[in-house]
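Engineer: No sequence on hand, only this structure:
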């Protein structure tokens, strides 16, 4: 993907897109931290990240980076299209989560925990939509999905379902938290991203498979 530059440095367009990417990542990560503190179960990829952190004995943010870069390697092996955002997001998300999580209090009471997961997931979708709108590269998870689609020649929907089931099972076997929050996140995140993309607008460049997939079912974490 090409980015417009000027003699004096990055153009305003690229600066705005980079700012949108960072802001979206921070919004999504704050919501991720809230769902952790609600302790009702996490989304499939988050379950894997938490399972790796628990099994290996590392911080959850470090696990976000480890899992993220493992997915980048898989995407590279599948010759999937990547972008700067693909490489930046694991580091940005991991560092932000480790910095934020100690300051997010544990949420008590079943009604408040349920409400927190619902609201956090919906706002997390806004963060994902912002990262997609920045249009500087798909997430590593989506890059793997696109690579599998290219390699297998199968539709995106069954590939995504298989990926979700695989990471959820792997995360659960590693001790990641699975519960009603997992269901809530799974049901809300996709419609939420589609909703917010209609509000904030889709990327200008929409002709590639990667962009179409991002608009349709991409999840940026």
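Structural biologist: It's in. Treat the numbers as computed from the prediction; the structure is a model and nothing was measured.
Engineer: and the residue nearest to residue 59 when sequence neighbours are not counted, what does it touch?
Structural biologist: Of all residues not flanking residue 59 in the chain, residue 98 sits nearest, at 5.2 Å (Cβ to Cβ, 6 or more residues apart in numbering). The C-beta positions use only the backbone N, C-alpha and C, and glycine is treated the same way. By Cβ atoms under 8 Å, 6 or more residues apart in numbering, the contact list for residue 98 reads 59-62.
Engineer: Can I get the residues you listed in a markdown table including neighbour count?
Structural biologist: Below are the contacts of residue 98 laid out as a markdown table (neighbours: other Cβ atoms under 10 Å):
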| residue | neighbour count |
| --- | --- |
| 59 | 13 |
| 60 | 19 |
| 61 | 24 |
| 62 | 17 |
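Engineer: Tell me how far the closest residue to residue 83 other than its chain neighbours lies from residue 144.
Structural biologist: Closest residue to residue 83 apart from its sequence neighbours, by Cβ to Cβ, 6+ apart: residue 137 at 2.0 Å. Distance of residue 137 to residue 144, given as Cβ to Cβ, to the nearest Å: 13 Å.
Engineer: same question, residue 18
Structural biologist: For residue 18, the distance to residue 144 - Cβ to Cβ - is 24 Å.
Engineer: do residue 179 as well
Structural biologist: 25 Å.
Engineer: out of those two, which sits in the busier spot?
Structural biologist: A side-by-side neighbour count of residue 179 and residue 144, using other Cβ atoms under 10 Å, places residue 144 first with 23 against 14.
Engineer: In this model residue 80 seems to touch that one, though I could be wrong.
Structural biologist: Yes: here residue 144 reaches residue 80: they are 6.7 Å apart, a contact under Cβ atoms under 8 Å.
Engineer: Quick check: longest helix in the protein by residues?
Structural biologist: Counting residues, the longest helix in the chain under DSSP state H turns out to be helix 12-38.
Engineer: Let me see the mean pLDDT of that one.
Structural biologist: The predicted model assigns helix 12-38 a mean pLDDT of 92.
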